[in-house]
Structure formats: C-alpha cells, structure tokens
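Asker: need coordinates for the following:
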Amino acid sequence: MKERRIVKLSFDGASKGNPRMAGGGGDIINCEGEIEMEYFWNIGNDSNNMAEAYGIWQGIKQLEKKGVEEAIVFGDSQIIIHAMNEVNQSRNLRLDRLIKRIKSVSKTFRRLEFFHVLQELNDLADHAANKAIGLGKNELSVNLHQSLELPP
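Answerer: Predicted structure coming up:
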C-alpha cells in the first residue's frame, strides 16, 4: 500500500566534460521540509541531459520503493521538465527512449507534477548529482535521513 502524503523530489544531473563522467542525483523531502533521502548514481561517460534524465529516473524509482503515491518533482533542466510535461520531444533518440520509460513509470503514481526551477534553487540536488561523479560506474548510493523523535 502506498503512502498518502505529498513529498518533494528534487533532481539534477552532472557531467564533467559533456560527455564525460556523469551522474544523476537528488533528494526526497517530506511535507515538513526535512530531507528523507539523498541518492546519487554514476552512469559512466555520458551527456548532461542523459545525467539529468537518469537523475529523475532514479528519484522516481526511489519514490516507488518508498511507497509514495504523490510527489511534486523539481529540476533545473528545461529539456527534461518540458518533456515530462509533454511540451516538446527530444531530438536525441536515447534520451527520448529514457523519457518514455520515465513517463511509463510515472503513470503508476496517483499524482506527479513536474516543475522547472532556476539552477540556484536546486542546490541540494546539484550537490547530490556531483557526488555521483566520485562513485564507480553504475554505482548507486542511497542515504536515508531520519529525524529522531525525542519523547516529551
């Protein structure tokens, strides 16, 4: 059974050389504004757009694993956000195939909304995506952040 709460997914991608070593990452933030999870994934040598797409792909897969049913998704890639909102289609066949897979998984959620934000407002996800560069190829890191509830 999926959770009935809205969370925020913030994603980003990084490529050091475009195309060069690349990775995607992001954060899942609960409705209280607390980071529940940070993830980052090294995808090997690839372009920044593919890194962005894999950043959102892995974020949606993590939402699915957590049983989240509704999320608001933020990213600083207009190409990816426009593709998710069906504003335009990519001219890159690999990127287009990945976007179609992401859309297919997205349909299993009760509600996912996609919004573009300025790069300056996507610092957490940017930091996570850049951590991916330090991992080995195809290595995924998922860090759960749990706040301790102290008794009254």
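Asker: the strands in the chain, which residues?
Answerer: 3-15, 20-29, 35-46, 68-75, 111-116, 140-144 (DSSP state E).
Asker: out of those strands, which comes closest to residue 82?
Answerer: Of all those, it is strand 111-116 that lies closest to residue 82, at 7.7 Å by C-beta to C-beta. Yep, even glycine has a C-beta here, placed from its N, CA and C like the rest.
Asker: how about the strands of the chain, which one is nearest residue 85?
Answerer: Comparing the strands of the chain by C-beta to C-beta, strand 111-116 comes nearest, at 5.4 Å.
Asker: got the buried residues for that closest one?
Answerer: Buried residues in strand 111-116, counted by 16 or more other C-beta atoms under 10 Å: 112, 114, 116.
Asker: thinking again about what came up before, would you format the strands of the chain as a markdown table with distance to residue 89 and mean pLDDT included?
Answerer: Converted to a markdown table, the strands of the chain look like this (distance: least, C-beta to C-beta, whole Å; pLDDT from 0 to 100):
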| stretch | distance to residue 89 | mean pLDDT |
| --- | --- | --- |
| strand 3-15 | 19 | 87 |
| strand 20-29 | 20 | 94 |
| strand 35-46 | 20 | 93 |
| strand 68-75 | 17 | 96 |
| strand 111-116 | 15 | 96 |
| strand 140-144 | 28 | 86 |
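Asker: just name the most buried of the ones you listed.
Answerer: Each of those was scored by mean neighbour count; the highest is strand 20-29, a mean of 26, by mean count of other C-beta atoms under 10 Å.
Asker: what strands line up against it, and which way round?
Answerer: strand 3-15 (antiparallel), strand 35-46 (antiparallel) (DSSP bridges).
Asker: could you measure from residue 87 over to residue 10?
Answerer: 20 Å (C-beta to C-beta, to the nearest Å).
Asker: residue contacts, residue 115?
Answerer: 72, 73, 74, 75, 81 (C-beta atoms under 8 Å, 6 or more residues apart in numbering).
Asker: what about the strands paired with strand 20-29, which gets the closest to residue 108?
Answerer: Closest among these, using C-beta to C-beta: strand 3-15, at 13.9 Å.
Asker: chain center to that closest one: distance?
Answerer: 5 Å (C-alpha atoms, centre = their mean, to the nearest Å).
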